[in-house]
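Asker: Provide a 3D model corresponding to the input given below.
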Amino acid sequence: MRTRTIGDVEVSAIGLGEMPLSIEGRPDERRALATIHAALDAGVTLIDTADAYHRDAHETGHGEALVARALAAYAGDTSRVLVATKGGLTRPGDGTWDVDGRPEHLRRACEDSLARLGVEAIGLYQFHRPDPAVPFADSIGALAELLDEGKIRLAGVSNTDPDQIQEAYDLLGGRLVSVQNRFSPAFRSSEPELETCARLGIAFLPYSPLGGIGRAGALGSRFAALGEIAAAHGVSPQRVCLAWMLAKAPVVIPIPGSSRPETIADSAEAAELTLTAEEFASIDAV
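Answerer: Predicted structure coming up:
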C-alpha cells in the first residue's frame, strides 16, 4: 500500500476509523477483532480510536481496549502500526457527547489511555474537540506538556477551524502533526482546514469520509459521478471516493470507519486506484 506521513512516522495512505466497532450498533467482539485484523492484513498501519468511543457510560475506553486486544492477538508484525487516540470528549450516557478541555482532564484521560493501550507513550494523541468553557490555549498547553514529558510521541487536534489549527501549531512550536475533521462528498465545509494543513505540512485525517455510519452504501446513488467512475473501473463507489480524497492533497489520509472485514479490505484498495484528471474534476465539482 502507498504510504504517507504523520510527523516523522510513515503510515498507510488509508487508515481505519475504529468508532463503529465500539458505539451503538457495534458488532460482537469476534467480528470487531476480525475487522481490525483484516485492516492489518490489507497493509493498514494507522488505527484511529478515542477514549469516548464506547456505547455505555460505564465502559469508557472500550475502543482503546479493543484495539489493544486486537494488536496483541494478531499473528503478524504490528511494530509499524500507529495507534491514534483522542481525549477531550466524554459520553456520560444516553448516547450524548460532552466536551471537557480542561488541562487536568486531558492529563488524566491521557494516563488512562496509556493504561488501556498498554504502552509507555501514545503514538498520536489528539485533542478531540475544543471546549467553549476552556481557553483553547490552555487545552493545547496540556498537549505540549504531555509531549515534553514523553507521554505522547505526536500531537494533533480534531474538529478545529483554520485559526485554531494555526494557533495550535504556533503554541506547540511547530509540533502539531495532524488535524482530524469531518470531510466527505456530502460534507465539504472542511475544505479550508484541508488547505491550512496542506500549507503547514500537517496530516489531514478525514473522519466519516464515506458519509458516516449507515450512509456509505448509498454513495453511488447519491453522487452520480462516483457511481459512473466506479462502474468504469470495476470497483466500488466507496473506493473511488477515497481515491478522490487522496488526490486532493498529499497530506490527506482518510480514516473510513468499518464494522466488517470486507469493507475495510475494499477501502484499503483505494490507495492503489489512480483517477484521471477528468474523473477527479467531476467528483470535485459535486
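
Asker: all strands for the stretch 1-150 of the chain, in order.
Answerer: Along the stretch 1-150 of the chain, counting by DSSP state E, counting those that start in this stretch, strands occupy 3-6, 9-12, 16-17, 46-48, 82-87, 89-93, 96-99, 122-127.

Asker: closest to residue 238 out of these?
Answerer: Among these, the nearest to residue 238 by Cβ to Cβ is strand 16-17 (13.1 Å). C-beta: built from backbone N, CA, C; applies to glycine.

Asker: So which other helices or strands are in contact with that closest one?
Answerer: Helices and strands touching strand 16-17, by 3 or more Cβ pairs under 8 Å, 6 or more residues apart in numbering; DSSP states H and E, are helix 29-41, strand 46-48.

Asker: Let me have the strands of the stretch 1-150 of the chain in CSV, extended by distance to residue 239 and mean neighbour count.
Answerer: Formatted as CSV, the strands of the stretch 1-150 of the chain follow (distance: least, Cβ to Cβ, whole Å; neighbours: other Cβ atoms under 10 Å):
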stretch, distance to residue 239, mean neighbour count
strand 3-6, 17, 18
strand 9-12, 15, 20
strand 16-17, 15, 29
strand 46-48, 18, 28
strand 82-87, 23, 26
strand 89-93, 30, 16
strand 96-99, 30, 12
strand 122-127, 25, 25
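
Asker: Of all those, which one is nearest residue 195?
Answerer: strand 3-6 (17.0 Å).

Asker: Could you export that closest one as CSV, CA atoms only?
Answerer: The C-alpha trace of strand 3-6 is given here as CSV (Å, rounded to 0.1, in the frame of the first residue of the first chain):
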residue,chain,number,x,y,z
THR,A,3,2.2,5.5,2.4
ARG,A,4,2.0,9.0,3.7
THR,A,5,3.5,10.6,6.8
ILE,A,6,2.2,12.0,10.1
